[in-house]
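# Compute the structure for the input listed below.
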Amino acid sequence: MATCETCGNDYDKTFQVTMNGKAHTFDSFECAIHALAPTCDHCGIRIVGHGLEKSGTFFCCEHCAEGEGVKGLRDRI
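Below you'll find the model as predicted:
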């Protein structure tokens, strides 16, 4: 068994995600998302889908990007 790095649960079905060359151990996708998913720079929500990015700044949607003064990003084309 291994321990989830987010919640500390010692679990027999943990899994690893490698990100930027570093392995992370989790007991659920929820914990992996909490630890690794970027957050929207406007509203703070975890970005689970594609999201939007401009110059290293992440947004969950076009509305939030515009709320930060970023123009030209689109949710869908």
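# Make sure T6 is actually in contact with T25.
No: taking contacts as CB atoms under 8 Å, T6 lies outside contact range of T25: 9.2 Å. Just so you know, the C-beta spots here come from the backbone N, C-alpha and C atoms, and that holds for glycine as well.
# Any stretches of this structure with poor pLDDT?
Applying pLDDT under 70 to the chain flags the ranges 76-77.
# which residues of this structure fall in strands?
Here the chain has its strands, by DSSP state E, at 2-3, 10-11, 15-19, 22-26, 52-54, 57-59.
# Relative to D41, which of these is closest?
strand 57-59 (5.0 Å; CB to CB).
# Quick one: residues in contact with that closest one.
38-42, 47, 51-53, 65, 68, 70, 73 (CB atoms under 8 Å, 6 or more residues apart in numbering).
# how does the chain divide up, domain by domain?
The chain breaks down by the TED database into domains covering 1-36, 38-76.
# possible to save those domains as JSON lines with mean neighbour count?
Listed next are the domains of the chain as JSON lines, based on neighbours: other CB atoms under 10 Å:
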{"stretch": "domain 1-36", "mean neighbour count": "14"}
{"stretch": "domain 38-76", "mean neighbour count": "14"}
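# ok so, going back, can you say which of the strands of the chain is nearest to H34?
The nearest among these, by CB to CB, is strand 22-26 at 9.0 Å.
# Which of the contacts of strand 57-59 fall within helices?
Among those, the members falling in helices (DSSP state H) are A65.
# Just give me the closest of the contacts of strand 57-59 to G21.
Distances from G21 to the contacts of strand 57-59, taken by CB to CB, are shortest for P38, at 17.5 Å.
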